[in-house]
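Chemist: Next one to model:
(one chain, ligands or ions: 1)
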Amino acid sequence: MYGDPTSLGIDVVVDSEGEAVAPSIFYIFYRLSVGENVENYVKGLATPVEKIPCIKGASIHGAVELTRGCGRGCAFYSPTMQLERDIPIEKILKDAEVNLANGQDHLLLVTEDIFLYGTKTPWEPNPSTLIKLVDSLTELKRRGLKYIQITHLNLAAALYRKDVLEYISFKLYEFSLLKLRGRYVLTTEVGIETGSPKLLRSIYVEKFCLINQMNSLK
Ligand code: SF4
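Modeler: Numbering: from 1, shown residues only. Next comes the predicted model:
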């Protein structure tokens, strides 16, 4: 953490996933409410996948977690420097079905990069796992699913596995939520990207490796 949060009028900064620190946050609130001093920075550990609970009702925009963390370690923000974890496909489908059963017809697939899902060798995309995931989700059309959006995608990985990107786009096209100039479009966010080798080497080390790997295959 940079600097002292109290200089900005902030009592305490919690830098963690909710499951890891929820009980201590309530205790911190209690201590603040009775005028006690608390540490001004609380850092929690990554929650193991088996301790991430299923949702109990529809989520905002039908948000369903696919992955947590990124682990590629780009040097400018904390959540994605954490260990990358995949949510098991059975749990993803269960969360999706909870949404559909509770009136949601839209799924927002939450991930730092869909190409992280199923990676074994860092950070080599895993086409068969990605295809299985997309196929399983699109089958939920018969349960009332109308729209699917992916929160984030990494351009280096998408360029590296254009074939997988094409498959995902083909399958998700009929679930597009938005239109541009009369045509349906699939949308996602790509975060801060750069084509500069110097910047890649200094702050996006793993993306730099991915691009080098891609160039070596040409
Ligand atoms: S910028 Fe992208 S690749 Fe880098 S840590 Fe964040 S999510 Fe991962």
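
Chemist: all strands for the chain, in order.
Modeler: Using DSSP state E, the strands of the chain run over residues 13-15, 41-43, 63-65, 67-68, 85-86, 106-110, 147-150, 178-180, 183-185.

Chemist: show me what contacts the closest residue in space to Ala63 that isn't next to it in sequence?
Modeler: The shortest distance from Ala63 to any non-neighbouring residue, by CB to CB, 6 or more residues apart in numbering, is to Leu108 (4.5 Å). Using the backbone N, CA and C atoms, a C-beta is placed for each residue, glycine as well. By CB atoms under 8 Å, 6 or more residues apart in numbering, the residues touching Leu108 are Ser59, His61, Gly62, Ala63, Val64, Gln149, Thr151.

Chemist: one more time with 7 Å
Modeler: Residues near Leu108 by CB atoms under 7 Å, 6 or more residues apart in numbering: His61, Gly62, Ala63, Val64, Gln149, Thr151.

Chemist: who touches the longest helix that the chain contains?
Modeler: As assigned by DSSP state H, the longest helix anywhere in the chain is helix 18-33. For helix 18-33, contacts defined as CB under 7 Å, 6+ apart pick out Asp11, Val12, Val14, Val38, Val42, Gly44, Leu45, Thr47, Lys51, Ile52.

Chemist: For Thr119, see how far away the residue nearest to Phe115 when sequence neighbours are not counted is.
Modeler: The spatially closest residue to Phe115, leaving aside those adjacent along the chain, is Ala157, at 3.6 Å (CB to CB, 6+ apart). Distance, Ala157 to Thr119, by CB to CB, to the nearest Å: 9 Å.

Chemist: Show me which of the two is the more surrounded one.
Modeler: Set Ala157 next to Thr119 and count neighbours by other CB atoms under 10 Å: Ala157 wins out with 23 against 19.

Chemist: correct me, but that one touches Thr111?
Modeler: No. Between Ala157 and Thr111 there is no contact under CB atoms under 7 Å: 11.4 Å.

Chemist: tell me, how many neighbours does Gln184 end up with?
Modeler: Not quite, residue 184 is Tyr, not Gln. With other CB under 10 Å as criterion, Tyr184 counts 12.

Chemist: Look up how far the ligand lies from it.
Modeler: 26 Å (CB to the nearest ligand atom, to the nearest Å).
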